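Student: sequence below, structure please.
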Amino acid sequence: MKIRTLATVIVLTILTAMAFSQGDEGFQPAKIVSFEKLAASMQHPENNDRYKMAMRLGDTLFLCQASGPVKNFMDWTINKELPARVSGKVMQVKNFDGQILDLTITGKKKPK
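Tutor: Residues are numbered from 1 along each chain as shown. Take a look at the predicted model:
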């Protein structure tokens with residue numbers, strides 16, 4: 001009986017440690033405040049899929065731009081939350097499918 005209880009405690013401890021190690025390292029919930037697709041340029045068709053967005057992370061509003069296929073930003077709407085972290089001038093955001101997208105930070109605002 002004691003061996004079975006000890007084995008159960010060990011297994012639960014290992015499972016708990018594995019669950020915490022699977023967590024999002026440094027990611028915090030960021031809310032999409034605004035999101036828009038930028039106009040396409042006839043002179044530069046390679047810049048057709050560009051987006052401008054504002055993301056609130058904590059009490060800071062980050063103004064960002066990104067480019068990529070439409071499928072990466074298809075489910076992005078105002079007030080949705082995504083895990084994000086800031087590293088210098090880049091905000092890394094985990095998309096709904098688990099893919100990490102890099103957004104270029106063009107500015108930030110803090111409340112007064």
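Student: need the pLDDT of residue 96.
Tutor: Residue 96 carries a pLDDT value of 88.
Student: check the one 3 residues further on too.
Tutor: Among the per-residue scores, residue 99 shows a pLDDT of 92.
Student: is it true that it touches residue 73?
Tutor: No. Using Cβ atoms under 8 Å, residue 99 makes no contact with residue 73, being 11.1 Å away. Using the backbone N, CA and C atoms, a C-beta is placed for each residue, glycine as well.
Student: more crowded one of those two?
Tutor: Neighbours around residue 99 and residue 73, counted as other Cβ atoms under 10 Å, are more numerous at residue 73. The numbers are 18 against 11.
Student: the most centrally placed residue in the chain and residue 60, how far apart?
Tutor: The residue lying closest to the centre of the chain (Cα atoms, centre = their mean) is residue 93, at 2.2 Å. According to Cβ to Cβ, to the nearest Å, residue 93 stands 15 Å off from residue 60.
Student: next: residue 54.
Tutor: Residue 54 sits 11 Å away from residue 60, going by Cβ to Cβ.
Student: do residue 28 as well
Tutor: 11 Å.
Student: for the protein, just list every one of the helices.
Tutor: In the chain, the helices defined using DSSP state H lie at 2-21, 70-73.
Student: report the buried residues of the last one.
Tutor: For helix 70-73, the buried set under the neighbour-count rule, 16 or more other Cβ atoms under 10 Å, comprises 72, 73.
Student: other residues contacting it?
Tutor: For helix 70-73, contacts defined as Cβ atoms under 8 Å, 6 or more residues apart in numbering pick out 35, 37, 49, 51, 66, 95, 99, 101.
Student: stretch 95-105 too?
Tutor: Taking Cβ under 8 Å, 6+ apart as the rule, stretch 95-105 contacts 53, 55, 62-66, 68, 72, 75, 82, 86, 89-94.
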